[in-house]
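Coordinates only, no sequence provided:
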């Protein structure tokens, strides 16, 4: 998957992305609702196992103006009818509408590929993720393992 939005690009990861991604995944605030912060080797392992697998589970999110990795997007099969979409952004890019912009692009891309639905999963404390799900007309589907599930039929 390769996407371009107004300000960002989504592309497959390379191992050269590790230093930029490490700056993000080592930040306690970024990782607060995900898992403990990563060290550089954990970041490399994340790229190897989630970004370089076939098919990838995550993709690099690039700030087009600088070419810098500013986070990653989640895009992979969730169940038989849907694909999970999501994002993790560096703190410097919070509050700029990038998650919204990226969500719209991933939903539009999904429509062109025959995917039947998109799913956003988020924890109770991830209020921004829930807001974006609802803003994009994802319907609450339930709760599983302490996470809210939202689905958008395409």
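Arrived safely, thanks for sending. Note that the structure is a prediction, hence the values are computed from the model and not measured.

So which residues of the protein form helices?
Ranges of helices in the chain, per DSSP state H, are 18-25, 28-31, 40-46, 98-113, 127-135.

And the longest one, what's buried?
Spelled out, it's helix 98-113. Of all the residues in helix 98-113, those buried under the rule 16 or more other Cβ atoms under 10 Å are 98, 99, 100, 102, 103, 104, 105, 106, 107, 109, 110. To be clear about C-beta, it is placed using only N, CA and C from the backbone, and glycine gets the same treatment.

and which of those residues is nearest residue 73?
Closest to residue 73 out of these is residue 102 (5.8 Å), distances taken as Cβ to Cβ.

Make sure the closest one is actually in contact with residue 60.
No - in this structure, residue 102 is not within contact of residue 60 by Cβ atoms under 8 Å, at 11.8 Å.

Show me whatever sits in contact with both of the two.
With contacts defined as Cβ atoms under 8 Å, 6 or more residues apart in numbering, the residues shared by residue 102 and residue 60 are residue 10.

where exactly do the strands run in this protein?
Remark: strands assigned in the chain by DSSP state E are 3-4, 8-11, 58-63, 68-77, 82-89, 117-123, 139-144, 147-153.

so which of these comes closest to residue 22?
Of those, nearest to residue 22 by Cβ to Cβ is strand 68-77, at 9.5 Å.

For residue 26, list the residues it contacts.
37, 38, 39, 40, 43.

hmm, back to that, make JSON lines from the strands of the chain and add distance to residue 26 to it.
Formatted as JSON lines, the strands of the chain follow (distance: least, Cβ to Cβ, whole Å):
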{"stretch": "strand 3-4", "distance to residue 26": "26"}
{"stretch": "strand 8-11", "distance to residue 26": "21"}
{"stretch": "strand 58-63", "distance to residue 26": "16"}
{"stretch": "strand 68-77", "distance to residue 26": "13"}
{"stretch": "strand 82-89", "distance to residue 26": "12"}
{"stretch": "strand 117-123", "distance to residue 26": "20"}
{"stretch": "strand 139-144", "distance to residue 26": "29"}
{"stretch": "strand 147-153", "distance to residue 26": "24"}
